[in-house]
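Q: predicted coordinates and the sequence they were generated for:
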Amino acid sequence: MSPGGSTADGPGEGARERVVMAEVGAPHGVRGAVRLNVFAEDPLALRRYNPFTDDAGRTVKIRSLKPIGKGLVAEIEGVDTRDAAEALRGTRLSVPRSRLPRPDEDEFYYVDLVGLEARLVTGEVLGRVRGVADHGAGDVLEVDASPALLVPFTRAVVPTVDVASGFLVIDPPPGLLEPGEPGPGEAEPEEAEPHDEADGGAGGAAG
């Protein structure tokens, strides 16, 4: 449901006018290469959006991109040492919204989702969307409810997204709103097998 692009900012106008395409991670090697966390649908197409700007408005240009395992490694112009690469860790690379294609009717940039009010189908307000994450099983909305919620961003669970009106609707599957229930991707806790107090919990039987 989302072509990518992210932001950690709130829903202010400045944040809406730029889309974060990637974030610099750890250094890779000793010659200035860095790992990238890419929010674009096609990570290898990132270079077509050169140059980028960071949060301070400085220009950042990617020189090369290549996949390494499940990740992506980039060389950035002017960054030639591991120390220089380390200094960029956490830097967000953004582009003006005007340089991106208009999303399809049922697609949304992450930046448009952050800050939306999250409502149940009954109209009850749960909180606001704090962020969007992808842990490998699809996009998940982080909602600042009490307690915090991780909501699968699928059409079945989020049937309505009204960016213009500032809200989305959640139709929670069973267990999503139950306290103590595991979130998406979390394992159910194993139940301890009952044991006799007299045996101290040790297995086996006296013969």
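A: Arrived safely.
Q: contacts and neighbour counts: CA atoms only from here.
A: OK.
Q: quick check: pLDDT value at residue 42.
A: If you check residue 42, the pLDDT there is 80.
Q: what residues of the lengthiest helix in the chain count as buried?
A: Longest among the helix segments of the chain by residue count, using DSSP state H, is helix 82-87. Across helix 82-87, burial judged by 16 or more other Cα atoms under 10 Å covers 82, 84, 85, 86.
Q: for the third one, give me its contacts.
A: Applying Cα atoms under 8 Å, 6 or more residues apart in numbering, one finds that residue 85 lies in contact with 26, 27, 32, 33, 34, 79.
Q: sitting in strands, which of these do you find?
A: 26, 27, 33, 34 (DSSP state E).
Q: closest one of those residues to residue 118?
A: Using Cα to Cα, residue 26 comes nearest to residue 118 of these, at 33.6 Å.
Q: so who does that closest one touch?
A: Neighbouring residues of residue 26 by Cα under 8 Å, 6+ apart: 34, 35, 36, 85, 86, 89.
Q: just the pLDDT at the first one, thanks.
A: This means residue 34. On the pLDDT scale, residue 34 is placed at 98.
Q: run a quick neighbour tally on the residue nearest to it when sequence neighbours are not counted.
A: Leaving aside its chain neighbours, residue 34 sits nearest to residue 27 (4.3 Å; criterion: Cα to Cα, 6 or more residues apart in numbering). For residue 27, the neighbour count with other Cα atoms under 10 Å is 23.
Q: now residue 65
A: 20.
Q: wait, a helix at it?
A: No: counting by DSSP: H, G, I helix; E, B strand; the rest coil, residue 65 falls outside a helix, being strand.
Q: the residue lying closest to it once chain neighbours are set aside and residue 43, how far apart?
A: Once flanking residues are discounted, residue 65 sits nearest to residue 74: 4.5 Å by Cα to Cα, 6+ apart. With distances taken as Cα to Cα, to the nearest Å, residue 74 is found 11 Å from residue 43.
Q: one more: residue 57?
A: Distance of residue 57 to residue 43, given as Cα to Cα: 22 Å.
Q: between these two, point out the one with more neighbours.
A: In this view residue 57 and residue 43 are compared by other Cα under 10 Å, and residue 43 has more residues nearby, 19 against 10.
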